[in-house]
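Colleague: Just to be clear, the model below is a prediction. Sequence and coordinates:
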Amino acid sequence: MTKRLRPIPKFNSEPAERRFWEAHSSSGYVDWTRAERVTLPNLKPSTTSISLRLPVALLERIKTAANKRDVPYQSLIKTWLAEKAEKN
């Protein structure tokens, strides 16, 4: 027996759609058993700038490590932070 799905409403704007889905479960509107996995290879994660104060000696050690790897030190910091976050 298949569950009868409600039609997805038409939205006037993306913020209106966002508010709707924040307040409603999609299970009444979408049959997730028929969903297929997709790969979005060109999707770029959103980023935001932060200000980070580091001791001078620590920053110099990070720059030295980055120089040995021939990568920008900012990239090395991001990589290290991502690896550390994955462990937790």
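Modeller: In hand now; what should we look at? Residues are numbered from 1 along each chain as shown.

Colleague: going forward, measure contacts between C-alpha atoms and count neighbours the same way
Modeller: Noted.

Colleague: Domain ranges for this structure, per the record?
Modeller: By the record's domain assignment, the chain is partitioned as 1-35, 48-88 (automatic domain parsing).

Colleague: Any idea which of those domains has the lowest pLDDT on average?
Modeller: Set side by side, these differ in mean pLDDT, and domain 1-35 is lowest with a mean of 91.

Colleague: tell me how far that one is from the chain's mean position?
Modeller: Taking CA atoms, centre = their mean, to the nearest Å, one finds domain 1-35 lying 22 Å from the centre of the chain it belongs to.

Colleague: do stretch 66-73 as well
Modeller: Its chain's C-alpha centre lies 25 Å from the corresponding centre of stretch 66-73 when counted by CA atoms, centre = their mean.

Colleague: CA atoms only for that stretch, dumped as CSV, please.
Modeller: Once side chains and other backbone atoms are set aside, the C-alpha atoms of stretch 66-73 remain, and they are given as CSV (Å, rounded to 0.1, in the frame of the first residue of the first chain):
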residue,chain,number,x,y,z
ALA,A,66,53.6,24.8,4.7
ASN,A,67,56.8,25.8,2.8
LYS,A,68,58.2,22.3,3.1
ARG,A,69,55.0,21.0,1.6
ASP,A,70,54.9,23.8,-1.1
VAL,A,71,51.4,24.9,-0.1
PRO,A,72,50.0,28.2,1.2
TYR,A,73,50.0,28.3,4.9
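
Colleague: Including distance to residue 41 and mean neighbour count, could the domains of the chain go into JSON lines?
Modeller: Formatted as JSON lines, the entries for the domains of the chain read as follows, by distance: least, CA to CA, whole Å; neighbours: other CA atoms under 10 Å:
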{"stretch": "domain 1-35", "distance to residue 41": "19", "mean neighbour count": "10"}
{"stretch": "domain 48-88", "distance to residue 41": "20", "mean neighbour count": "11"}
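
Colleague: pLDDT score for the most centrally placed residue in the chain?
Modeller: In the chain, the C-alpha nearest the mean C-alpha coordinate belongs to residue 45, at 5.2 Å (CA atoms, centre = their mean). Confidence per residue is given as pLDDT, and for residue 45 that number is 84.
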